[in-house]
Structure formats: structure tokens, C-alpha cells
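1. Sequence and computational prediction follow.
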Number of protein chains: 2
Amino acid sequence: MDADILSIGTEVACGAVVNTNAAWLSQKLIELGVTPRRQVTVADRLSDVREEIERSAASVGLLMITGGLGPTRDDPTREALAAALGQPLEPDEAAAERIRAFFREIGRPMSESNLRQALIPRGCRVLENLWGTAPGIRAELGRAVVYALPGVPREMREMFTRSVEADVRARGKGSAVAVRVLRTYGLGESVIGERLSNLMAADRNPSVGTQASEGLISVRIVGRGASPAEAKRLVDEDAAQVRTMLGDSVFGEGDEALDAAVGRLLAGVGRTVAVAESCTGGLIAKSLTDVPGSSAYFVRGYVVYSNESKVELLGVGPALIESHGAVSEQVAEAMAVGCRDRACSDYALSVTGIAGPSGGTPDKPVGLVYIGLADGTGCTVRRMTFGGHLDRQAIRDRACKTALDLLRRRLLS
Amino acid sequence: MDADILSIGTEVACGAVVNTNAAWLSQKLIELGVTPRRQVTVADRLSDVREEIERSAASVGLLMITGGLGPTRDDPTREALAAALGQPLEPDEAAAERIRAFFREIGRPMSESNLRQALIPRGCRVLENLWGTAPGIRAELGRAVVYALPGVPREMREMFTRSVEADVRARGKGSAVAVRVLRTYGLGESVIGERLSNLMAADRNPSVGTQASEGLISVRIVGRGASPAEAKRLVDEDAAQVRTMLGDSVFGEGDEALDAAVGRLLAGVGRTVAVAESCTGGLIAKSLTDVPGSSAYFVRGYVVYSNESKVELLGVGPALIESHGAVSEQVAEAMAVGCRDRACSDYALSVTGIAGPSGGTPDKPVGLVYIGLADGTGCTVRRMTFGGHLDRQAIRDRACKTALDLLRRRLLS
């Protein structure tokens, strides 16, 4: 079965927002055995939206629409879909009540315009939105099934997973598809490409590809078979080979983040960690506490941006800072050791560096970062140079990931 | 003049790559006075590409194509464009020679298939590619001008800037375009929609639209005029009206983040801030230090995830935690006051709450967050309930933004 993906929104059509919804939906459809044929984006203009709906419904079996379901006058999806169907819009009382309940719960007054979101073309099914006010709509137009989902990625993904996926899977049957994604940190994409070159040959089944994003390289394995079991077996065989070839650099699967992988290992052995951050400014603590249940192993964090706070909160010697500078191996070590002592944790991570864009010197350029890891056996410090091609956010991001990866490999060893 | 943007590539159509080219081109076209009407993405299938080219050429004045110009047989753009034009493909000797020179320069052998990239539909103009082997093509089809550019973003942007922009600007003349984006926090999208309903009427010039993203609402104003000065005047008038109608909820313009707006205000009055975070786990410190130069006003942060750390690091009374619970107005106040005392800062923000997904009770449900703001005059605490429709990440995000917004409004008053 073929599918079109239609994204509605002036902000996307004007380029103010990059369209991540279409990429996410395309990947999901492929996993469900559906072939994405076209992604189309149009602005909030009723006639354009209607034209695209009618064109897609005449040529594909599945049309996924995102966006244009908001409460304001410039949100055209409901009207366009109703016009294409030749049906009137009617208020759905259950949907209206959920919108009223939503506003009661968050304690904010509801404006009457919000009830526009409960208008549904006659004969269509309403899809409940657990995370927002815009309900989704399921319609049948010609030979196509049409789903209209919210444009907010979080709401769209939740609604797709809960209310759309099973239906699409049933329609996509015929060839089974299995997908596994292995997540790695520490090897470059070209090194991975060389090690996996046999698996990455064109027209091979499964197909194996790499994708780099913010320093992480994902290896994506997509296998097809006559049955789900066969597709899964092919993908599992490749995944085992990839794990052998990449070793400890594989930290997780699917969409597991590095912080979640570290948390899983810490929780597994019942150990705790504390962090002392200068240039990452709270990013490592934030990452570790992104994970539900992280209070089991995350004890506390110190954001010690100033020299005084390094001295006061961690007991770093003022003379040490004076003689080596705040960005130095010695200070990173004193931060990690002082942090572990004060927090009474099993491990402590420290980061001190120059995130830029200013503050660099010939000796200590922007991107220079020292990362300390203290445990019961002592402290190791790693010197990294992230400069040159990375900006402030990316330098902070890589420093955080390198620190987490240092702890991860220590926990594995 | 209207334009369509056509992206060619199986990797984009399958969602393995997010389409940033379309967003970039849309923004460029708007700046040049051209209205992007549709963004379309199709896989490397000749018939689909030809169909999209013919459809767009029949309805818009400008068609921008990216991708599908590679050396392999599955790169369909040259063939599809030639078929749509009804012209044969012919080798362009100058383009072929540049491809040979490219390979000589990087010292790698050239395969004969690379010369496919020098095939150009008869009567078209070749656009030189300074950063890769695929030349671009300029064609005229019906009433439309068609540009085919490489899919590699770096090559595409360079070629657009050097070989396309001036021509498009000349064609886009007659109408000049100006854009302003006002960023707000604290009002719901529907409330803003009602207050701005006159400005948001369909087919008005300027067009005014809203866009919600992670709790922030942006108001986008796009104006057209006979001259750049007229377009700017129209947009400025609307922006002034929007600011009047939304008041202090407007925190910045363009892509300014809330943390940067707070930093700008702090730096402007020479004040400092420290933070004490429980459920946000370092997110507020991380946000404030995202901003270059934040060391001028950000003093330090405490990530006090455990009760012990609240007591030890901030001096929160154990009896207070015992009697009211760690998530309470009293503890939020003690955290903020203790943080300000210890950090010797002008302001201190504190957050304690239940980010979930577990840990909620009927009395204190997931999403309950207390936010404290201490300054020389005392401490105020705000109680928020973000529960129900938000997940852990979103609850933490909204708690962080609400805290920053609380400080921002204090700084304005």
C-alpha cells in the first residue's frame, strides 16, 4: 500500500519550522509495511489543503495529514476535509467535553474558539488527544483512509501510536518488515561505514544504513520477509554481527539515549553518581534526571560556574586554580574528587572547559574540555578538544555525552 | 510570484533524512518576495518526478528542485526534466571537463558514470557547482522558470546564493516582503487568537499567524508592499499593535529564547541569579548557561534531588520537609531563600515538584510544581499544575520556562 503525507501549516511552508513530522511518519509507515510516496507541505490556505486532500485520496490508499487542527481561524484542516468529503462539520459532544475538562484541569479559562476543535465532519471518527486539545479525525474518502493528526510532534506521535498504528499495520500486510536501530557513541561514521561495508551493500536485504545526529551514530537495520518471524530473524542476525563488529561502542537500541543507558547500568549494580559542572552548566545533571526513576542513582549536582563556587562548594584549592587555571586537568580532578566526597556517591563526574564563542586563548582554545571521573579507586581525567567545527551548544553537548560515555564504559568494565 | 519546492530522494521520502533544504529555500524565497506555495518530496522514481515537475510548472512561476542529480542510475532529475521539456539530454563539454578536474584535484579515479552528471536537457543553462560534481540546471517550462540544484545542503546553498538568487529577486520584484516574529510566554494560543482576531483575518496584508511550540507561542507577521520600506512599515505597525494587545507576554523577537531574554534583562541591570532545582534537575541552570556570556549574571546552581541535599546544601529545615513534604510551598520558599543566601546573588529561583511518570498522589499529583523566586524584598512562590496532558520532559520544560518567566516579569516591573 502507498501513502501520502500532507503537512499543513504556514510556519512549515514558510520554512520557519523544519518538518520533522513527515520524516517520523515516513519511518513509521515503512516499519508497518506501507510505502511513503509523497510528502507534501502547504500553508494554511483552505483551497490548497482541499486540493491536496482530493488529489492524494484519488491516488493512494492512505493519507496522513498533520497540522491545521488548532483553535484559530487560520487552521483549515477540518473545513478542507469536510469539503472534500462533501459533509457538514458537526460538534462532537464527547470531544467538546474533553476540551472543557482539559482547561478545568490546567486551571485556565477556555475561550469559545477552542470548541471549534470539537467540530468533526459528519460520519468521521474522532481520535482522542491525551496531550492537547485538538482531537484527530479518521475519514474514508474514495478508496483512501485519511487520518488527520495534530501538528505538535508530541501530540501527533502519541495519537499515531495509540489510535492509528494498529489500523495501518492491518492494511499494510503482505510483506513483513522488521526494524532494529543500534545506537553507538565513540566511533566516527566513516569508521563504522568501513567496518560494516559488507552489510551496507546496496540492494541487500536487510538494508543497513548509518545516520549521524549530534555525535551519536545510529545503525539502522530494515529487513523484509514473507512473515514477521522471517523478517525479524534476518534483522536479528545482522544486529548480532553489528554488535560484534562495533563492540562496546553500541550503548543501546531503538531510541534509548546515552543518559538512559548509563542510568540502566547504574541502577543494575545499585551505584550512585553526583556531578560537578562548570562549562556544561547543569546539562549533565539535566540529562541524567531526564530519565524517570533517576532519583535511585542520581544524588546531586553542583553547577559551579564561578571560581568562588568551585572553591566553596567543592573544596577546590584556590592555589590550584591560580597556578593551573580553572580549565585544567588538576582542577577537573579536584572537582570530581571533591564532588564525590561531599555527595557521598559511588561515582562523580566533573567537567571544566571553554564552550565559547569567546574566552579561548592559543594555549586553551575554545572547545578544550577536561572531564573527570572519580570512584573508590581514584580519579581519571580525559582531555578533549571539540573546537573548530562545533559551536557552543555542540561543544557542551559533546562534553556531556563524553562524560556519560566515560562512566558507561567504567560501569561495563 | 508563487513557487513550489520539489525535493527528490528516497532517503528523504523514507524519513531517514529530515528535509532541511525545503525550509531553507522557503525562507530565502520569502525574503526575495516570492511566496512558497507547496513543498513536495518524492522518492527517486522517474515517473513521479516528471509528474510533479509538470504539475508545478503548470501552476506556479518558479519551481525549485533539489536532489536527484547524482551519478547513479537511480538519480532521476535530469531525465525527468528532459522528458517534461520534450528535449533530449546532451553532454555539456564544459560541465564534463569540470567533473574531470574535480577528480584530478581530489586525486581519486573518476568512474565513467560520473559523466552522466554532465548531461543537460537541450536548451537549458548549466549552473556551476563549486563544491561537488553535480552541476545545476536552469530551464523554462511553460510559464515557469525551473531550477534543479544538488541535494547536498552545502552545495545547494552555495549554488543558490551564487547562481539563482539574483534572478529570483528580479522576478519577485513588484512585491517586497518583510517578516517579524514576536515570541510570547504565558498566554494560551486561543487567547492570543482572540485578542488578535482582527489582525488574523484571512487574506489580510500583513498576514498574522500564531504557532505553538513547547509552551511558547510565536506570532508571525508577514507583510507585502510595493517597496521594502512599505512592507516594513506595514509589519512594524502590526508588530506595535500586537505588542500593545499582548503586553508583557511578548518576551522577544525572531528566534530569541526565553533564557536569552532573561539574560539580556539581567545583564542590562547588572544583577545576578542562582538556582536551586529539584525536579528540573539542572535544566534551568543549563538553559541560563546556554547563553554566551552568561557567566556575567549566572552565579551557581544546586541540583538538590534528594532531601538530604536540600538540607545540607541549602539549609532547608528537616522539620519543614517532614511536616509539609519536599514538594510544598514552604520547601520551595526555603530553597529559594537558602540558595540566595549561600550564592550571594540578587535573585534565586527554586523548583520542587513531581515530574512523573510515577510518584504522584491524589493530594500531590504528577505535574504539581512549586516555583520560588527570592530577592532582597522576600520570596514569592507560585503553584503550578502541569499534569494530565504533559509527560515528564514537558513538565520539566514548562517548570523551567515558568521559572524563567517569573524572573523576567520581576525584572520588568
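-> Thanks, I have it. In this text the structure is predicted, and so the values were computed from the model without any measurement.
2. Give me the mean pLDDT for stretch A:362-377.
-> For stretch A:362-377, mean pLDDT rounds to 95.
3. Report whether that stretch contacts chain B.
-> No - between stretch A:362-377 and chain B, judged by CB under 8 Å from any CB of the partner chain, nothing touches; the nearest distance is 10.6 Å. All C-beta spots, glycine's among them, are computed from the backbone N, C-alpha and C.
4. Using CSV, list the CA coordinates for that stretch.
-> Below are the C-alpha coordinates for stretch A:362-377, written out as CSV (Å, rounded to 0.1, in the frame of the first residue of the first chain):
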residue,chain,number,x,y,z
PRO,A,362,46.2,30.0,21.9
ASP,A,363,47.1,27.7,24.9
LYS,A,364,43.5,26.9,25.8
PRO,A,365,41.3,27.3,22.7
VAL,A,366,37.5,27.2,22.6
GLY,A,367,36.5,23.6,22.7
LEU,A,368,39.1,22.5,25.2
VAL,A,369,37.3,20.4,27.9
TYR,A,370,38.6,18.3,30.8
ILE,A,371,36.3,15.6,32.1
GLY,A,372,37.0,13.9,35.4
LEU,A,373,35.6,10.6,36.7
ALA,A,374,36.2,9.8,40.4
ASP,A,375,35.4,6.5,42.1
GLY,A,376,36.7,4.5,45.1
THR,A,377,39.9,3.7,43.2
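5. from the chain's centre, how far out does that stretch sit?
-> The chain centre lies 28 Å from the centre of stretch A:362-377; the measure is CA atoms, centre = their mean, to the nearest Å.
6. Only the buried residues of that stretch, if you could.
-> A:Lys364, A:Val366, A:Gly367, A:Leu368, A:Val369, A:Tyr370, A:Ile371, A:Gly372, A:Leu373, A:Ala374, A:Asp375 (16 or more other CB atoms under 10 Å in any protein chain shown).
7. which phi and psi does the residue most central in space within chain A have?
-> Of all residues in chain A, the one closest to the mean position by CA atoms, centre = their mean is A:Asp255, 7.0 Å from it. Recorded main-chain torsions at A:Asp255 are phi -110, psi 20, according to degrees, to the nearest 10.
8. what about the nearest residue to it once chain neighbours are set aside, which helix or strand?
-> Excluding its sequence neighbours, the residue lying closest to A:Asp255 (CB to CB, 6 or more residues apart in numbering or on different chains) is A:Val181, at 7.5 Å. Using DSSP states H and E, A:Val181 falls within strand A:176-184.
9. Go ahead and produce CSV holding the CA coordinates of that strand.
-> C-alpha atoms of strand A:176-184 as CSV (Å, rounded to 0.1, in the frame of the first residue of the first chain):
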residue,chain,number,x,y,z
ALA,A,176,6.5,-8.1,6.7
VAL,A,177,9.1,-5.6,7.8
ALA,A,178,11.3,-5.6,10.9
VAL,A,179,13.5,-2.8,12.0
ARG,A,180,16.2,-2.5,14.6
VAL,A,181,18.3,0.5,15.4
LEU,A,182,21.6,0.2,17.3
ARG,A,183,22.9,3.3,18.9
THR,A,184,26.6,4.0,19.2
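10. Output the contacting helices and strands for that strand.
-> helix A:20-31, strand A:216-225, helix A:228-246, strand A:250-253 (3 or more CB pairs under 8 Å, 6 or more residues apart in numbering or on different chains; DSSP states H and E).
11. can we see that at 10 Å?
-> helix A:20-31, strand A:207-213, strand A:216-225, helix A:228-246, strand A:250-253, helix A:258-269 (3 or more CB pairs under 10 Å, 6 or more residues apart in numbering or on different chains; DSSP states H and E).
12. Could you tell me which residues of the stretch 101-250 of chain A lie near chain B?
-> Within reach of chain B by CB under 10 Å from any CB of the partner chain, the stretch 101-250 of chain A has these residues: A:101-103, A:105-117, A:129-133, A:151-155, A:158, A:202, A:209-211, A:213, A:218, A:220, A:222.
13. if we go to 8 Å?
-> A:102, A:105-111, A:113-114, A:130-132, A:152, A:154, A:209, A:211, A:220.
14. And for the stretch 251-400 of chain A?
-> Counting by CB under 8 Å from any CB, the stretch 251-400 of chain A sits next to chain B at A:275, A:277, A:280-286, A:288-290, A:292-295, A:298-306, A:309, A:313, A:343, A:356-358, A:392-393, A:396.
15. Run through the helices of the stretch 51-200 of chain A in chain order.
-> Using DSSP state H, counting those that start in this stretch, the helices found in the stretch 51-200 of chain A span residues A:77-85, A:93-106, A:153-159, A:165-171, A:189-195.
16. export those to JSON lines and tack on mean neighbour count?
-> JSON lines is the format used below for the helices of the stretch 51-200 of chain A (neighbours: other CB atoms under 10 Å in any protein chain shown):
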{"stretch": "helix A:77-85", "mean neighbour count": "23"}
{"stretch": "helix A:93-106", "mean neighbour count": "15"}
{"stretch": "helix A:153-159", "mean neighbour count": "20"}
{"stretch": "helix A:165-171", "mean neighbour count": "15"}
{"stretch": "helix A:189-195", "mean neighbour count": "14"}
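17. Quick check, pLDDT for A:Pro228.
-> pLDDT, read off for A:Pro228, is 82.
18. Count the neighbours of it for me.
-> Using other CB atoms under 10 Å in any protein chain shown, A:Pro228 has 13 neighbouring residues.
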